[in-house]
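1. Got a sequence here, can you build the structure:
(chains A and B)
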Amino acid sequence: MNWKLFGPASVLAISLTAVVAHAETIGPQGEAATPSASVTVPDGKVAMLQGGGYKAALLWHDQSDFVNAVTAGASDEFARLGIEVVATTSAGFDAAKQRSDVETAMAKEPDIILSLPLDPVTSAAAFAEARDAGVKLVFLSNLPSDYQHPRDYAAIVTDDLFQMGKQAADALAAAMGNTGTVGWVFHDANYYVTNQRDNAFKATIENNYPDISIVAEQGISDPARAEEIANAMLLKNPDLGGIYVTWAGPAEGVLAALRAAGNTTTRIVTLDLSEPIALDMVRGGNVAAIVADEAYELGRAMAAVGARALVGEDSPPFVVAPAITVSAGTVAEGWMQSLHREAPASLLEAAN
Amino acid sequence: MNSAKVWLAEREAEKWVLYLGFLAIFAFFALTLHDDGFLSRRNLVNIVLQTAPATIMAVGLVFVLSAGEIDLSFGSIVAVSALLAAVVMREAPAVYGIAAGIGTGVAIGAINGAFVAYLRLPSFLVTLATMGLFAGIARSLTDLQSVPVLNGFFTGFFGSGSLAGIPSLILWTIVAVLVGHVILKETRFGAHVLATGDNAQAAAVAGIRVARLRLSVLAISGGCAGLAGLLYAGRLQAAKYTLGESDLMTVIAAVIVGGTALAGGRGSIIGACAGSLLMGMLNNGLILMGLSVSEQMIVRGLIILAAVAVSMREISR
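-> Alright, predicted model coming up:
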């Protein structure tokens, strides 16, 4: 594992300390986490917001189920507070497009911007115009370089990333009877969210499960290549007890490789909900568990932070939404808790 | 004589269709979004600023396509050039960074060109390979890390600065488009590019050094990509391996919509510039309309399809 993937050296040092000593999610600048449930708009301020004619823009990094759920949570909270969502964008992980999206949205003069800054260095300039115009910035997971709380932004809201990785490790260990060998498929990119989750899994296995050893490590940057990566991993380690896959997209490829090899014993654990992965789990296949985040709650909390800032209420700098482990028996509840919608019919049918 | 008249008529028709379409879409956004800031000076300037790197890539691509070749690697060149320039400027003055960025672009373009011109390999396959090759090099260059650009002269010259009230990115766009237009339409080299794209064998018989010309157009495309990389680095005050990655299809669409033939022999720099602005205007207007991201993609795809259908139909008439 290349530890440089973590980003700036200071973050690396703090992250390592956190992994070893505190075992909890910490912010990009080492901030302690505040649970999202404690971040709400005081009842007394709701009427003030509703009459204010405020506007919000949602400038996302990409499109996904996760982003849709965050958008839903934020939109519902904004609607409750009478705040209009005037622009929604996706940068497709392109830092230059993100800068353009901020500029474009500024034409609609939003009071709040919710966004995931693609990386600290390039986003510092991208959000400067909005920050200087007094827009309340609420960031998802990442922070532009040298932005100060609460002067420059209202808060960072993210998943409990460490818990997601840790719960994945605990679920896989339980499925393996706390013994055996594991393959670790991590996201080979400098990306705070996946890096924290991946490394929390690894640290938990290494620190808490002495009879489980990580015998294969493989980075992945293109989810489409997951199947070949899994094939190579299984070729070298045919008796792997489990495979951790950094998120559900590539896990589908890993599952395809196991099926093609007729392997019914290697267990998979992955992060983020996906219908094909969950279907395999419900049918008693290779997938042992899926760890998900409460994305809808995360969106609600982001909207609440922005609204609080409009009425002069500071929020804690680093807010986290909880992680949940979804197993074959809890698919219906898990879907509702994470994405705030019914689980796909295929899963509900297979579960009954 | 008669065929020349027809040829001219076709050229005019083709131009009019693109520009009328451009105006129609502009008018549509102006009417529907007049309360949403679309017509504000800042927003209109933003559209030009946001499209500046893509427009400059498009200028290079017009030369390549006009000569009957293609370049798929320019997006990767953007990233390598921007990163190298940023790394150089950590220690050295801006001029070295600029030289590194442009020089890298021209050099990679020339490597592409050498494979195409002298090893007689198809440019599609050569640049498909080097697209991946240099994307990988961009990723490994700084180990996926973004590199900040703190040189104030550089970020002003290529990003946030202005001259006589005109932002530098707009000046770069104007310079690149004018220079490209003059070279393509008014010089012997430009005529040779079009002749080679129209019929390479006939061009060779007529004494045009086809191999050297192919190398030249790919080097020009590389140089333009290098310049686009500098503009991105100036605008973002940082360089990252993802820069340029998503521009490939946008730039190809801009160039084709602008009246350049995919099969060679016909090219329009002004048209490519209009095509690029059209793409930027679509991105901007569809966001301001408050469409969801999926809806933006669907509408943009449909409009580009219509634009390509109209402009190609006019050409082939």
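2. And the helix or strand containing B:M89, what's buried?
-> Per DSSP states H and E: B:M89 is located in helix B:74-91. The neighbour-count check on helix B:74-91 (16 or more other CB atoms under 10 Å in any protein chain shown) flags B:74-89 as buried. Any C-beta I mention is one placed from the backbone N, CA and C, and that applies to glycine too.
3. ok, those vs A:A226, which is closest?
-> Using CB to CB, B:S76 comes nearest to A:A226 of the buried residues of helix B:74-91, at 23.1 Å.
4. chain center to stretch B:92-100: distance?
-> Stretch B:92-100 sits 23 Å away from the centroid of its parent chain (CA atoms, centre = their mean, to the nearest Å).
5. meant to ask about stretch B:283-290
-> 22 Å.
6. hang on, the earlier thing: now for the helix holding B:M89, which elements pack on it?
-> helix B:41-66, helix B:94-118, helix B:123-141, strand B:147-148, helix B:210-236, strand B:238-239, helix B:248-257 (3 or more CB pairs under 8 Å, 6 or more residues apart in numbering or on different chains; DSSP states H and E).
7. right, so those: which one is the most enclosed?
-> strand B:238-239 (a mean of 32; mean count of other CB atoms under 10 Å in any protein chain shown).
8. and it, which strands flank it?
-> Paired neighbours of strand B:238-239 in the sheet (DSSP bridges): strand B:147-148 (antiparallel).
9. And A:T89, which helix or strand is it part of?
-> Secondary structure (DSSP H and E) places A:T89 in strand A:84-90.
10. what does that strand contact?
-> A:53-63, A:67, A:71, A:74-75, A:78, A:101, A:104-105, A:108, A:110, B:36, B:287-288, B:290-293, B:296 (CB atoms under 8 Å, 6 or more residues apart in numbering or on different chains).
11. The helices and strands packed on helix B:74-91: which one's closest to A:D198?
-> Comparing these by CB to CB, helix B:123-141 comes nearest, at 17.8 Å.
12. element containing the residue of the stretch 251-352 of chain A found nearest chain B, please.
-> Nearest residue of the stretch 251-352 of chain A to chain B, counting by CB to the nearest CB: A:G299, 14.7 Å away. Assigned by DSSP H and E, A:G299 belongs to helix A:295-310.
13. neighbouring strands for whichever helix or strand comes after that helix, and are they parallel or not?
-> Counting by DSSP H and E, the next helix or strand C-terminal to helix A:295-310 is strand A:318-321. Looking at strand A:318-321 with DSSP bridges, its partner strands are strand A:34-35 (parallel), strand A:155-159 (parallel).
14. List the contacts of the last one.
-> Residues from elsewhere that reach strand A:155-159 (CB under 8 Å, 6+ apart): A:25, A:27-28, A:31, A:36, A:39, A:138-143, A:149, A:193, A:293-295, A:298, A:301-302, A:305, A:315-321, A:323.
15. what's the answer for stretch B:30-45, then?
-> If you take CB under 8 Å, 6+ apart as the criterion, stretch B:30-45 is touched by A:86, A:104, A:106-109, B:29, B:167, B:170, B:284-285, B:288-289.
16. Apply 6 Å and report the result again.
-> If you take CB atoms under 6 Å, 6 or more residues apart in numbering or on different chains as the criterion, stretch B:30-45 is touched by A:107-108, B:29, B:288.
17. Next: stretch B:194-214.
-> Residues outside stretch B:194-214 that contact it (CB under 6 Å, 6+ apart) are B:66-69, B:113, B:116-117, B:192, B:264-265.
18. Would you mind putting those residues into TSV with distance to B:L141 and pLDDT alongside?
-> Below are those laid out as TSV (distance: CB to CB, whole Å; pLDDT from 0 to 100):
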residue	distance to B:L141	pLDDT
B:S66	32	96
B:A67	30	96
B:G68	32	95
B:E69	27	96
B:G113	22	97
B:V116	25	96
B:A117	27	94
B:H192	36	96
B:G264	34	90
B:G265	37	91
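19. Per-residue pLDDT of B:W7, please?
-> What the model reports for B:W7 is a pLDDT of 58.
20. and residue 30, what element?
-> Picking chain A for this. Going by DSSP H and E, A:G30 is not part of any helix or strand.
21. that answer is for a different chain, and I need it for chain B
-> For B:A30, the enclosing helix or strand under DSSP H and E is helix B:2-32.
22. Which single residue of the stretch 51-200 of chain B ends up nearest chain A?
-> Closest residue of the stretch 51-200 of chain B to chain A, CB to the nearest CB: B:S146 (3.7 Å).
23. what about that residue, how many neighbours?
-> 26 (other CB atoms under 10 Å in any protein chain shown).
24. Also the one 3 residues further on?
-> A total of 28 residues lie near B:V149 under the criterion other CB under 10 Å.
25. list the contacts for it?
-> B:86, B:155, B:233, B:237-238.
26. let's go with 10 Å and repeat that
-> Neighbouring residues of B:V149 by CB atoms under 10 Å, 6 or more residues apart in numbering or on different chains: A:121, A:125, B:82, B:85-87, B:89-90, B:94, B:97, B:155, B:158-159, B:230, B:233-239.
27. Okay then, goodbye and thanks.
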